[in-house]
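# fold the following and give me the result.
(3 chains)
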Amino acid sequence: MSLDSPKEPAIELVGIDKKFGTVHANKNINLTVAKGSIHGIIGENGAGKSTLMSILYGFYQADHGEIRISGKPVTIRDSQAAIAVGIGMVHQHFMLVENFTVLENVMLGAEGGQLLAKGVASARKELKRLEDDYGLEVDPDGIIEELPVGSQQRVEILKALYRGADILILDEPTGVLTPPEADHLFKVLRVLRDQGKTIILITHKLREIMAITDTVSVMRRGEMVATRKTAETTVEELAELMVGRRVLLHVEKGAANPGAVLMSVRNLTVKDSRGVTMVDDVSFDVRAGEIVGIAGVAGNGQSELLEAIAGIRKPSSGEIFIDGKPVAGVDPAGLRDLGLAHIPEDRHHMGLVLKFEEYENSILGYHRDPRYGRGPFLDLDAMRKDAEEKIAKYDIRPPNPRLRTANFSGGNQQKIVVAREIERDPKMLIIGQPTRGVDIGAIEFIHKRIIEMRDAGKAVLLVSVELDEIRSLSDRILVMFAGKIVGEKSGEAGEQTLGLMMAGIAA
Amino acid sequence: MSTASVPLPAWINYGLIPLLNLILAFFFSGLVVWAIGESPFEALQLLLVGALGRGEGIGFTLFYTTSFIFTGLSVAVAIHAGLFNIGSEGQAYLGGLGAALVALAMDSYVPWYVTMPFAVIGAALFGAACAAIPAWLQAKRGSHIVITTIMFNFIVSSLMNYMLVRLLIVPGKMAPETRTFLPGGQLPKLDWLIAMFGGKIGAAPFNFSFLIALVMCFLVWVLIWRTKLGYEMRTLGISPTAASYAGIRYSRIVMITMLISGGLAGMMALNPVMGASARLQIEFVGGAGFVGIAVSLMGRNHPAGIILAALLFGILYQGGAELSFDMPGITRDMIVVIQGMVILFAGALEYMLRPSIVRLYQQLTGK
Amino acid sequence: MDYFDIFISILGSAVRLSIPLLFTALAGLFSERAGIFDIGLEGKMLASAFAAACVAYWTGNAWFGLLGGIGVSIVFSFVHGFASITNRGNQIVSGVALNFVAAGLTIVLGQAWFRQGGRTGQVPPEGRFSSIVLPGADMMRDVPIIGPLYANVISGNNILTYIAFLMVPISWWVLYRTRFGLRLRAVGENPGAVDTAGISVAWMRYRSLIVAGFLCGFAGTYLSIAQSAAFINNMSAGKGYIALAALIFAKWKPVPVMLACLLFGFLDAFANFMQGKSMPLIGEVPVQIFQALPYILTCVLLAGFIGTARPPKAGGVPYTKER
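A predicted model of the protein is given here:
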C-alpha cells in the first residue's frame, strides 16, 4: 500500500491484526503516513478505525504486526509510551477533568516536578507560545465545564502539543462542533501541518476528507481497502469503497399524498441539563402521509428536539400538538397511547435493554398493554408468540426470542426496535438515525418500511445526520442549525444547497 | 478485558464460580482458625454437626435462615431496580417496632393467627417507612441512596434506643425491652415440621415466620419476573435511559421498589420479635440486615438462590455458636469473620476467578 | 461551675472526641477524591485500634503501637484495592466485607491471645500517648477567657491530637499543591483523562488508598492507646460512619472536614454532658437526638437544602478502558 511520497514516513503500520473475542476488528492493516501531511482515515461506524487508533495510542495491543515511527520499530504498551514516541490523541469524547482549569488539564501527567508551583509558570509560558504559534486561543484559567465545546477540543489539542506531540490523531473531531468551530479547527490543523506536524484525521464524513486531507485511506469491516491522494479521488469513489459496492441510496417511492396535520410543534424551546438552549423557538407541522426530514450537523439540537417530542425531555417553553391536542409535558407512555411511536437515535441506551432477552425488548414501552398480560401480570407466552411473529416478519436473525439482545448484530437489533414501533400501527412515527451502524441490507429493509408507513397515511418525522438518507426518504426537508430551523426545502433539494444551509451559511 | 464478554454455561456461572468463591472464603477463615492454634477441619466438623446434627440445631439454623431470607430479599428487590439498599438493618429494626406495637395491642384479646396478619402489615409498614425518606431523597433530590440508607441505620438506632429506654420499657425494670407478649402476640413454633423429619425442636425458636419468608420468596419471584412492575424495575435497573424512553417513571419506581424492599426488611422482625423472644429488645437485628447483602449477592438476587444462601449463613450462625462451646479458643465472632470472608470472595471478588476459568474452559472445549 | 467553665470543659472533650473522626474523615477524603468509596473506614479504624493495642502491649512503646496500627490499616486498604481496583468489584460490598472481617477478627484474635473476652491486656503507661502540657499552660490558667481555653482545650492533649490538626493543612497542601494531589483529584473525576495522560489509574488509586490506610491507622491508634489503655470490643462503635458523614457534610474538602468533625465531636460531647440533665424551658432532652444529629444533618445536606454536595464524579465506578 505504499504511495510514492516525496516525504519520509512518520508512521508505518505493518500487518496490524486485532481480535476481540470473535470480532475481527482489524485485519492485517498496512498503512504509511507521510511526515507533515494530513491523512484521513474514513469508514463506516464499526469499520475498525477507532480500534486501529487505540492500538497506535497504546490503549490496546495488536495481536500481530509492527508499528514504526520515523522508520524505527516501536512497542506502544500504554499511553505513556505513545506520548514518549511523540503521538498525541484528541479523543472523540474529551478526556478532560471537567472541574479543573485548562492549565491543570494541560499539566496533568506532565507537571514538571513533584510540586505544582514549579510547573505552573513554565506551563503558562508554553501555553502562550502554543497559542501564538498555532492560533489555539483559550483562557488558561477557565474551568473546562464552563467552556464551549470548541474550546474544550482546543484544550485537548493543546494537551497533545504540550507533551511535544509530532503526530496528532483526531477521532471524529467535528461530530460535536458547530460549522464555524469546525472551520476554526481545520484552520488550526493546516497551521500545524505547515509547521511540520503529522495529522491523522478519523471521520466518516466524506466532505471533511475532501476539504482538508492530503491523502486518505478507506477502512471497511476491519480491512484497509484503499489509499488515495485526496486530489485524485472523488466523493463517489470513496463512498463506494466505504460500503463495498455502488451506493444505492435512491429508494423507490411514489409521490406523497399529504393529508391533515397530525403533529405540530410551535415555538418549542428545549434546554439541556447544563441549561444551554439546544432547540430555539422551533415551529413546524407534519401531515398524515408525508415524511418530514430534519437535516443538520450532529449536535445542532436534533436529538433534543426528538426527545422533547417523544416526551423524554421537558421543553422549557412552546407547545407540541398531536391531533390538535397540546401534549407538551405528557410522558412517553401517554404519547404512545395517543399513537406516537418513536425509534430512538441510540438503540443501545434507549431503544433496547441489551441484557434483556429479545422477546422482553419487543414489548419495551408497550409492556402495559393488556395483550401482554392481564392486570399487573405479564403473560410470557403471549410475549414470546408476539416476538416470534415479528422475528418472522422482519427476518430478524438469529430467529430466537430467548437470545440476549446484546448478541444480535447492529442491523438485527435495529430491526427489533423498528418492528416493535411499526407493528403497533401508530398514527405518527418519529425516527432518529434509523440506519446508524446498520448493514446495507438492513438499511434498504428499514427504508422500505418507513416509506410503507408514509403510504399508509402515517405522519413521519425523520432525523438523520446522513444527508443522503434525508434526501432519499423525505418529502419535505427542514434544516436545523444551532437549534433553529433555518429553512425548508422540498425533498428534491440539491446536496449543495442543503449543505450550505446546514453550515449556517445560506437560508 | 476480552474474557469478560465470553459467555459461560449456566452451571459454571451460577454453580462452579460461586462454589469456588465459597471455598476460598472458607480456606481463609480456616487459616485464621489454624493461626490461633485450632484445627480447621475439626472446627468445620463441629460447625456442621452443631448446625445440622440434631433437631434442635436444625431448628436454630432455620431460625437464622428465616431472618436472612427476609433481609436477602430486601436487598435483592432493590438491586433489581439498580438501587443498593444497605439500610435493611435499620428497616428491620424499625419493623420490629411495628410488629411489637401490634402484638402489644392485640395479644390479650385475640389468638395469634388473628394478630399475625396485622403484625405482618405493621412490620412491613414500619420497615417501608424507614426506607421512604432515603427513597424520596434518591428519587427527587438525587441523594445517593447508599449513603442515606447508612445514615438511616444510625438514625433509627437512636430512635429505637429512645423508644425502648424511655417509652416502651417496663417500669421498674433495667433491661430496655418491652413486656413479654402473651401467646396471642407470639408466632407458634414449627416443631411439627422438624418432627416430620424425625427431629426434636427442643429450645430452638424456629417459628411460623419461616413459612411467611417462603411465601415472600415466591411473591418476590412473581413480582420480578412475572409482573409489569417487575419488568419496569428491571428495565430501570439495567438501563435508566431505556426506562425513560419506555415511559417508566424513575421516581415512581424508586419509591415503590424501596417501599417493598423496606417492607421485606421490616418483616424480618417478625422472626426474632414475635417468634423467638416474644418481646422487642434493643439491637435485636444484630447485623442480619448486613448479612442480607451477602445473601442477596451469593444468591444472585434470585429467590431460589437467596434461600440457599440464607441457609448457608444460617448454618454458619448456628454452627458457629455451637463451635464456640466445643472449642473455647474460638469465640462466636468467628462467624463474623467467615461472613466477612464470604462477602469478600463471593461479593467483592466475584470476578477474580472468572478470567482463569474462561481460559481453562476454552482450552478444555477447544474453542 | 459557671457556664463558661462548663463550656470550656465540653469544648475540651469535643476536641478529644473529634480526633478519631478527623483522621478517619481525612482518610476517606483521600480515597473518595480518588474515586474509591470507602465504607470500610469503620473496619480499618477498628483493626488498627486492635493492632496498636497489641503492639503497644507487647513492646511497651506507643510509637511501635502506632506503626502497628498504621500497618494493619494499610493492609486492609490493600485488600480493598485488590477487590475494587484490580478485580473491579463493588466498592461498597468490599467495604462491608472488611467491616465484618475487622469486627470478627479483632475479637477472635483478642480472645485467642489475651483471653479477656475480646479485650487486649492493659497497655502500660509508656505504651500509651499521654497528654502533653504545653509551656505556660499553668501560668496562663488565670488569664480570663484565653487562659482556661489555652490550658484546658489547647494544652493537655496527646501528641496525636496535634498531629491530627496538623494533618488538615498538610492534606490540603498535598491535594491542591502537589503533582500527587492533582492526579489524585483527576482520577476521581475522570480516570480516562488520567489514563490517556500516561498515568496508571490503578496505581494512582492504590496510592490514595495507602494514604487513607495511613491516616486511618492514626485514628485507631488514638482510640486504643491514647484515649484508652486497651482495646475493647467494637470500640470504634460507628465512628467510621460518622466520619463518612462528616466527609460528605464537608463536601469532600479538607478544611470543612475539620470543621464538620469538630461539630460532630461537639454534639457527642454535648450529649454526654446533657445525659440526665434538664434544660431550662425544654426539660430533659433525649441524648439520642444528639447521637442522631450528625446523620440527620448529613441527610439534610444531601437533600440539597444546605448548598449542594458534589461528590467526585467517578466515585464508586471501577475503571475500564472503553472499547
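
# residue contacts, the residue of the stretch 151-300 of chain A found nearest chain C?
Nearest to chain C in the stretch 151-300 of chain A, going by Cβ to the nearest Cβ, is residue A:159, at a distance of 7.5 Å. Every C-beta, even on glycine, is put in place using the N, C-alpha and C of the backbone. Residues near residue A:159 by Cβ atoms under 8 Å, 6 or more residues apart in numbering or on different chains: A:88, A:105, A:106, A:108, C:197.

# distance check, the first one against chain B.
I take that to be residue A:88. In this structure, residue A:88 and chain B are 24 Å apart, going by Cβ to the nearest Cβ, to the nearest Å.

# what of residue A:363?
Following Cβ to the nearest Cβ, the distance that separates residue A:363 from chain B is 8 Å.

# before we move on, what about residue A:267?
Counting by Cβ to the nearest Cβ, the separation of residue A:267 from chain B is 25 Å.

# secondary structure class of the closest residue to that residue other than its chain neighbours, three-state.
Leaving out its chain neighbours, the residue that sits closest to residue A:267 by Cβ to Cβ, 6 or more residues apart in numbering or on different chains is residue A:318, at 4.2 Å. Per DSSP: H, G, I helix; E, B strand; the rest coil, the secondary structure class of residue A:318 is strand.

# how about the residues of the stretch 1-150 of chain C near chain B?
With Cβ under 8 Å from any Cβ of the partner chain as the criterion, the stretch 1-150 of chain C meets chain B at residues C:37, C:39, C:79, C:82-84, C:87-94, C:96-105, C:107-109, C:111-113, C:118.

# which of the residues you listed count as buried?
Buried subset of these (neighbour count, 16 or more other Cβ atoms under 10 Å in any protein chain shown): C:37, C:39, C:79, C:82-84, C:87-94, C:96-105, C:107-109, C:111-112, C:118.

# what pLDDT does residue A:176 get?
At residue A:176, the model reports a pLDDT of 69.

# so the residue of the stretch 151-300 of chain A closest to chain C is in which element?
helix A:149-162 (DSSP states H and E).

# thinking again about what came up before, now the residue of the stretch 151-300 of chain A closest to chain C: how far from chain B?
Separation of residue A:159 from chain B (Cβ to the nearest Cβ) stands at 25 Å.

# specify the helix with the largest residue count in chain A.
helix A:116-134 (DSSP state H).

# what's the spacing between it and its chain's center?
34 Å (Cα atoms, centre = their mean, to the nearest Å).

# count of neighbours near residue A:93?
12 (other Cβ atoms under 10 Å in any protein chain shown).

# swap that for residue B:357, sorry
Neighbours of residue B:357 (other Cβ under 10 Å): 18.

# how many neighbours does residue 59 have?
Here I'm looking at chain A. Neighbours of residue A:59 using other Cβ under 10 Å come to 21.

# chain B, not that one
With other Cβ under 10 Å as criterion, residue B:59 counts 25.

# how about low-confidence regions in chain A?
Low-confidence segments of chain A, defined by pLDDT under 70: A:1-7, A:22, A:45-46, A:175-176, A:178-179, A:243-250, A:274, A:503-507.

# for chain C, what is the nearest residue in it?
Closest point on chain A to chain C, by Cβ to the nearest Cβ, is residue A:109, at 2.9 Å.

# could you find the closest non-adjacent residue to that residue?
Nearest one to residue A:109, counting by Cβ to Cβ, 6+ apart, is residue C:197 at 2.9 Å.

# any idea how far that neighbour is from chain B?
Taking Cβ to the nearest Cβ, one finds residue C:197 at 20 Å from chain B.

# tell me which of the buried ones among the residues of the stretch 1-150 of chain C next to chain B fall in helices.
Using DSSP H, those in helices are C:79, C:91-94, C:96-105, C:107-109, C:111-112.

# can you pull out the strands in chain B?
Assigned by DSSP state E, the strands in chain B number zero.

# and whichever helix or strand residue C:207 is part of, how far from the chain's centre?
Using DSSP H and E, residue C:207 sits within helix C:201-222. On the basis of Cα atoms, centre = their mean, helix C:201-222 is displaced by 11 Å from the centre of the chain it belongs to.

# what count of nearby residues applies to residue 114?
No chain was given, so I picked chain A. Neighbour count for residue A:114, taken as other Cβ under 10 Å: 10.

# to clarify, I was referring to chain C.
With other Cβ under 10 Å as criterion, residue C:114 counts 18.

# residue B:217 now?
21.

# what parts of the stretch 151-300 of chain B come near chain A?
Residues of the stretch 151-300 of chain B lying near chain A (Cβ under 8 Å from any Cβ): B:222, B:226-232, B:234-235, B:238-239, B:241-242, B:244-249.

# ChimeraX command for the buried members of the residues you listed?
Provided next is the ChimeraX selection string for whichever of these are buried by 16+ other Cβ under 10 Å:
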select /B:226,227,228,229,230,231,232,234,235,238,239,241,242,244,245,246,247,248,249
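
# narrow the residues of the stretch 151-300 of chain B next to chain A to those in helices?
Among those, DSSP H puts B:222, B:226, B:228-232, B:234-235, B:238, B:241-242, B:244-245 in helices.

# in a markdown table, list these along with pLDDT.
Converted to a markdown table, those look like this (pLDDT from 0 to 100):
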| residue | pLDDT |
| --- | --- |
| B:222 | 97 |
| B:226 | 96 |
| B:228 | 96 |
| B:229 | 97 |
| B:230 | 97 |
| B:231 | 97 |
| B:232 | 97 |
| B:234 | 97 |
| B:235 | 96 |
| B:238 | 94 |
| B:241 | 93 |
| B:242 | 95 |
| B:244 | 94 |
| B:245 | 95 |
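
# and the contacts of stretch C:264-273?
Stretch C:264-273 has contacts (Cβ under 8 Å, 6+ apart) with C:6, C:9-11, C:13-19, C:21, C:242, C:245-246, C:249, C:287, C:290-291, C:293-294.

# show me where the stretch 101-250 of chain C has its strands.
Assigned by DSSP state E, counting those that start in this stretch, the stretch 101-250 of chain C shows strands spanning C:131-132, C:157-158.

# pick the most buried one from those.
Mean neighbours per residue, mean count of other Cβ atoms under 10 Å in any protein chain shown, is largest over those for strand C:157-158, with a mean of 20.

# packing partners for that one?
With contacts taken as 3 or more Cβ pairs under 8 Å, 6 or more residues apart in numbering or on different chains; DSSP states H and E, strand C:157-158 sits against strand C:131-132.

# how about whichever strand or helix holds residue C:298: buried residues?
For residue C:298, the host element (DSSP H and E) is helix C:287-302. Residues C:287-288, C:290-299, C:301-302 are the ones in helix C:287-302 that count as buried (16+ other Cβ under 10 Å).

# for stretch B:8-18, same thing?
By neighbour count on 16+ other Cβ under 10 Å, the buried set for stretch B:8-18 is B:8, B:12, B:17, B:18.

# near chain B, which residues of the stretch 151-300 of chain C?
Contact residues, the stretch 151-300 of chain C versus chain B (Cβ under 8 Å from any Cβ): C:238, C:241-242, C:244-245, C:248, C:286, C:288-289, C:291-292, C:295-296, C:298-299.
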